[in-house]
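Asker: Okay, predicted coordinates and the sequence, questions at the end:
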Amino acid sequence: MDGLQPERNRLIPMLLNPGGNPSRLSQILFALIASLVAASPAFIIPHPAVIAAIGLVPLIIVFAFYNPFILCLAFICFSFFRIHEAFMVLNKLHIPQMLAIGTLSVLGLQVLFHRIKVAWTPELKLFTVFFAQVTFGCFVASGRDVAFQYWTETFSKIALMVFAIASLAKRPQDFALAARAFVLSGMLIASVAIYNHANMLEVVEGSRVTVGRSTGSVLGDPNDLSLVLLFPLSFAVSLVLTGGTPFLGRVLGLVGAATIAVAILDTQSRGGLLGMVAVCAVFAAQRIKSKALLIGIGVVGVMGLFAVAGISGRSSGGAAEGALVDESSEGRLRAWGAAWRMALARPLTGVGLNCYVSNYFFYQDWWEGFAKAVHSTWFAALAETGFIGFGIFITMVVRTVRSAFRSGRILSRAATGDRYDAAVFGTAQAVMAGMAGFVVCGSFLTQAFTWPLYILFSLAVAVARYIEANDLSPKPDGV
């Protein structure tokens, strides 16, 4: 029987007995060492859950190796939606760190053994140039420690996931899984936000809900929370409105859209509400032919959302100020002015990644006793990467919108044929709507170097690659 075993099954035992065939003693010794290594965490943390997890590790490793896209999705959901910060019981498990190690290991092995061909499109080349510009800016940043800390903790992971999503999302099942994962993650965060608002927990300015503010979570700012929730909203609405979506997918989308919309209303973020309108407008524009009717519905929708959200009752930026430019708006104008002066002072590289706040004192025209965020994605990119980086950033946004629009148009033409797939078409629509929400909402929030844009960017690349791989692009006449 030994002669029938594949040579790779003999490799490790032969390392223990290089002079010949593996002996029974060497096999027992190897099994004992492997068992001790695997069981070592149980000696460090003597908990039944740890022992049970150890038994699942081999299965998880095999599953992750053959399904790396699922591992990447899990990493993105925890890193972007900060699920472990919304549910503090998960925070002690260090899930994002473990997923990061697992993702890097699996992707490294996949590339090493040529199981993955890394995507390399014009859009990804553009992103690589932008990544190089941002990285170089960290070396000459006004605060190199701050810049490199953010680069290490966030932006480098974003860059890795851009290539991972663009390379791994190839099948309709991948796009369907991504949409459902994003909606479910958004529902989890939205549920916590709704619960907090109902019980007046983690609330700022008297009525604006947050998540994890007391523990220093990224979701502790209502404006940032609204943008995080805006991302899955586009996928939820897409599940509801895309023809051919399975019944359970439509139910998930309907429940998800309602839950997420209520949570965004509870944040009372004007940027978030405008982003909701932008997301819905993209889907409505494809289904309502009358432009006058579309504009009328949009105006009524905006007024209704602002009324329901109670914006006028906010302690900052509400109608109570009675001024043409309220406190919140005036603060934004001052922040944008400081960003412009930073770019003028350092036009080639900017002040450096995540260094706007630490430089605000030196470039403001009215010191209020504290530094503030720039409250604009565009001015953040301008201040922290200079005019060159800003130009590349804008080009990336435009290319993403154009790619999603082109993909949606091509896939809509295929809707009458047997090559139509609802998951891919729905993803293209969700990316287009998500970009509309990002452009509008991002104009009032600081999201130049966080997850939403880059996930949408990589999905747009993945959909375009799917169209090319399946030869769905329209052929020139005579071909």
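Answerer: Sure thing, it's come through. Numbers count the residues shown, from 1 in each chain.
Asker: How many residues are close by the nearest residue to Leu90 once chain neighbours are set aside?
Answerer: Distance criterion CB to CB, 6 or more residues apart in numbering; nearest residue to Leu90, sequence neighbours excluded, is His84 at 4.2 Å. To be clear about C-beta, it is placed using only N, CA and C from the backbone, and glycine gets the same treatment. His84 has 20 neighbouring residues, counting by other CB atoms under 10 Å.
Asker: for His84, what are its contacts?
Answerer: Phe78, Leu90, Asn91, Leu93, Ile95, Pro96 (CB atoms under 8 Å, 6 or more residues apart in numbering).
Asker: Give the residue spans of the stretch 251-400 of the chain that score low on pLDDT.
Answerer: Scanning the stretch 251-400 of the chain for pLDDT under 70 picks out 290-294, 297-298, 301-328, 369.
Asker: change it to 80
Answerer: Scanning the stretch 251-400 of the chain for pLDDT under 80 picks out 286-332, 365-372.
Asker: where along this structure do the strands fall?
Answerer: Applying DSSP state E to the chain gives strands spanning 203-204, 208-209.
Asker: Quick one, which of those strands gets closest to Ala176.
Answerer: strand 208-209 (30.9 Å; CB to CB).
Asker: Please name every helix or strand in contact with the closest one.
Answerer: Contacts defined by 3 or more CB pairs under 8 Å, 6 or more residues apart in numbering; DSSP states H and E place strand 208-209 against helix 172-198, helix 222-241, helix 247-267.
Asker: Partner strands of that strand, with direction?
Answerer: Sheet pairing for strand 208-209, assigned by DSSP bridges, gives strand 203-204 (antiparallel).
Asker: thinking again about what came up before, could the strands of the chain go into a markdown table alongside distance to Ile394, mean neighbour count and mean pLDDT?
Answerer: As requested, the strands of the chain are exported to a markdown table (distance: least, CB to CB, whole Å; neighbours: other CB atoms under 10 Å; pLDDT from 0 to 100):
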| stretch | distance to Ile394 | mean neighbour count | mean pLDDT |
| --- | --- | --- | --- |
| strand 203-204 | 32 | 16 | 88 |
| strand 208-209 | 31 | 26 | 90 |
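Asker: With distance to Cys441 as new columns, can those be given to me in TSV?
Answerer: Output for these, formatted as TSV (distance: least, CB to CB, whole Å):
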stretch	distance to Cys441
strand 203-204	18
strand 208-209	16
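Asker: wait, which of these is closest to Ala373?
Answerer: Among those, if distance is taken as CB to CB, the winner is strand 203-204, at 14.3 Å.
Asker: Show me what that closest one is in contact with.
Answerer: Contacts for strand 203-204 (CB under 8 Å, 6+ apart): Asn196, His197, Val209, Thr210, Arg213, Pro222.
Asker: how near is the fifth one to Asp221?
Answerer: Put plainly, it is Arg213. 8 Å (CB to CB, to the nearest Å).
Asker: Looking at the two, which is more packed in?
Answerer: Asp221 (21 against 18).
Asker: Next, the closest residue to the more buried one other than its chain neighbours: phi, psi?
Answerer: In this structure, Asp221 finds its nearest non-sequential neighbour in Thr210, 6.6 Å apart by CB to CB, 6+ apart. Main-chain torsions, Thr210, degrees, to the nearest 10: phi -140, psi 180.
Asker: Met200 now?
Answerer: The phi/psi pair for Met200 (degrees, to the nearest 10) is phi 60, psi 50.
Asker: and it, how many residues sit next to it?
Answerer: 10.
Asker: and if you look at Glu468?
Answerer: Glu468: 11 surrounding residues under other CB under 10 Å.
Asker: what does Gln429 give?
Answerer: The number of residues near Gln429, taken as other CB under 10 Å, comes to 24.
Asker: can you check Tyr195 too?
Answerer: Neighbours of Tyr195 (other CB under 10 Å): 14.
Asker: again with Ala371
Answerer: Ala371 is flanked by 15 other residues according to other CB under 10 Å.
Asker: What's the ChimeraX syntax to select whichever of the contacts of His84 are buried?
Answerer: Here is the ChimeraX command that selects only those of the contacts of His84 that count as buried (16 or more other CB atoms under 10 Å):
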select :78,91,95,96
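Asker: Appreciated, that's everything.
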